[in-house]
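Trainee: Next comes the sequence, and after it the predicted model I'd like to discuss.
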Amino acid sequence: MIPCGDIHHLRLTVTDVRRSREFYTGLLGFQVAVESPPPGDPAEAETFKVLFGGVVMMRGNLILGLRPTAPSGDRFDPDRVGLDHLSFGVASRDDLEQAVALFDENGVPHGEITTLGGFGIDVLPFEDPDGVQLELTAPTPQG
């Protein structure tokens with residue numbers, strides 16, 4: 001058996017790196033760690049081999065990359081092989097409720113906060129600009 005640990009990083013393929021960068025930094029609090037150089041920069045070709053013209057961001061110990069290689073107009077499909085959804089943990093149901101207000105202010109499609117009693121969590125599903133299915137997950141309040 002391989003002694004795997006926590007997820008080190010993940011990378012999402014996106015259609016518009018600027019739009020997705022703003023979504024993940026502006027709404028979810030990721031900070032840009034490394035960005036591709038602008039077109040014409042001497043380092044562009046070498047950096048492309050790693051970043052594919054994208055950006056790498058961090059939040060806590062999670063590294064999230066955005067790779068802008070999807071064709072314009074392409075949309076995420078959770079019913080195809082690959083990622084179904086990605087869930088980010090938050091501290092409390094209050095955080096979920098605040099997220100609903102923020103998503104409504106910013107026109108972010110989202111579902112309702114749902115309690116999954118068997119798992120002891122409350123979840124708020126939402127989508128990124130390419131339709132990637134995301135969730136915020138909080139422990140269900142004890143009471």
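Mentor: Noted; the coordinates are in hand. Numbers count the residues shown, from 1 in each chain.
Trainee: and the next element down the chain from the helix or strand of the chain with the lowest mean pLDDT?
Mentor: Sorting the helices and strands of the chain by mean pLDDT, DSSP states H and E puts helix 44-51 at the bottom, at a mean of 84. Scanning forward in sequence from helix 44-51 by DSSP states H and E, the next helix or strand is strand 55-59.
Trainee: Please point out which parts of the least confident helix or strand of the chain sit buried.
Mentor: Across helix 44-51, burial judged by 16 or more other C-beta atoms under 10 Å covers 47, 51. Yep, even glycine has a C-beta here, placed from its N, CA and C like the rest.
Trainee: cool, stretch 104-113 as well?
Mentor: For stretch 104-113, a neighbour-count test (16+ other C-beta under 10 Å) marks 108, 110, 113 as buried.
Trainee: of all the residues you listed, which comes closest to residue 9?
Mentor: Of all the buried residues of stretch 104-113, residue 108 has the smallest distance to residue 9: 23.6 Å, by C-beta to C-beta.
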